[in-house]
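>>> Predicted model and sequence below, questions to follow.
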Amino acid sequence: MKKIRIRKNAYALIYDVIIIAVGIAVALMLSRMGAIDYMINAFRDYSILATFIAGLFFTSAFTLAPAGIALVNIAERAPIHSVAVWGALGALCGDLILLYFIHDRFSRDVKKAFKASTIKKIASSFHFGFMKWLSPLLGALLIPSPLPDEFAMALLGASRLRISFLLPIIFTMNVVGIYLLIGFANLIS
């Protein structure tokens, strides 16, 4: 039974890696074909809306690459501060959606993977001791990383912090992440 569970988890991980790779390949293909430039030019007069929408899609593993390319392209024509703020607002909305959906899915997956006594031990570690502060810290540090935000939202959701406390942290870390992305793109171009 344990081997079956491990095999299913390995297949799920491989599936996620394949989906991320396909997302990156599609983003590169759309960029080379000029589709992203076309969409940005269509929204030229609405750069705030385009930035917000790109930020909204900047959170998920499936849409991270095309949204990142769109944010970098928008930053070539719009002020970087504006792109960072409006993109971070969009990413905040996307992260909140992830937070609500992943929290339920994450809890369900953990319950399936472990025995009831193990779940109680893990849950108690998130409310007491070092995991009480380590979980939200790791989650916050993962947001500006080039990794998708699903794992960060799972850690933040498991920490059970109030949403009013999480909102400024998620927004700030998304601003940092978008600045780093634009800075890195400008550095290599």
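Here it is on my side, so go on.
>>> for I178, helix, strand, or coil?
helix (DSSP: H, G, I helix; E, B strand; the rest coil).
>>> so it makes contact with F58?
Yes: counting by Cβ atoms under 8 Å, I178 touches F58, with 7.4 Å between them. Glycine gets a C-beta too; all of them are placed from N, C-alpha and C.
>>> shared neighbours, the two?
By Cβ atoms under 8 Å, 6 or more residues apart in numbering, I178 and F58 have these common neighbours: L71, G87, A91.
>>> Show the contacting residues for the last one.
Residues in contact with A91 (Cβ under 8 Å, 6+ apart) are G55, L56, F58, T59, D149, I170, N174, G177, I178.
>>> could the residues you listed be laid out in TSV, adding secondary structure and pLDDT?
Output for those, formatted as TSV (DSSP: H, G, I helix; E, B strand; the rest coil; pLDDT from 0 to 100):
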residue	secondary structure	pLDDT
G55	helix	91
L56	helix	88
F58	coil	88
T59	coil	83
D149	coil	76
I170	helix	90
N174	helix	93
G177	helix	93
I178	helix	94
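>>> Lowest-scoring secondary structure element of the chain by mean pLDDT?
When each helix and strand of the chain is scored by mean pLDDT, DSSP states H and E, helix 116-127 comes last, with a mean of 53.
>>> So what touches the next helix or strand along the chain from that one?
Under the assignment DSSP states H and E, the closest C-terminal helix or strand after helix 116-127 is helix 131-142. With contact meaning Cβ under 8 Å, 6+ apart, helix 131-142 is reached by 125-126, 149, 151-156, 158-159, 161, 166, 169-170, 173.
>>> Quick check: buried residues in helix 131-142?
Judged by neighbour count using 16 or more other Cβ atoms under 10 Å, the buried positions of helix 131-142 are M131, S135, P136, G139, A140, L142.
>>> Just the local confidence number for the fifth one, please.
To tie it back to what came earlier, the one meant is A140. A140 carries a pLDDT value of 85.
>>> Equivalent analysis for V175, please.
95.
>>> Now do the buried residues in the host helix or strand of it.
Secondary-structure assignment from DSSP H and E places V175 in helix 163-188. By 16+ other Cβ under 10 Å, the buried positions in helix 163-188 come out as 166, 169-171, 173-179, 181-182, 185.
>>> can you check stretch 86-103 too?
Burial within stretch 86-103, assessed by neighbour count using 16+ other Cβ under 10 Å, is assigned to 86-92, 94-96, 98-99, 102-103.
>>> and whichever strand or helix holds M153, what does it pack onto?
Assigned by DSSP H and E, M153 belongs to helix 150-158. In terms of contacts (3 or more Cβ pairs under 8 Å, 6 or more residues apart in numbering; DSSP states H and E), helix 150-158 is packed against helix 80-113, helix 131-142.
>>> That's all I had, so thanks and see you.
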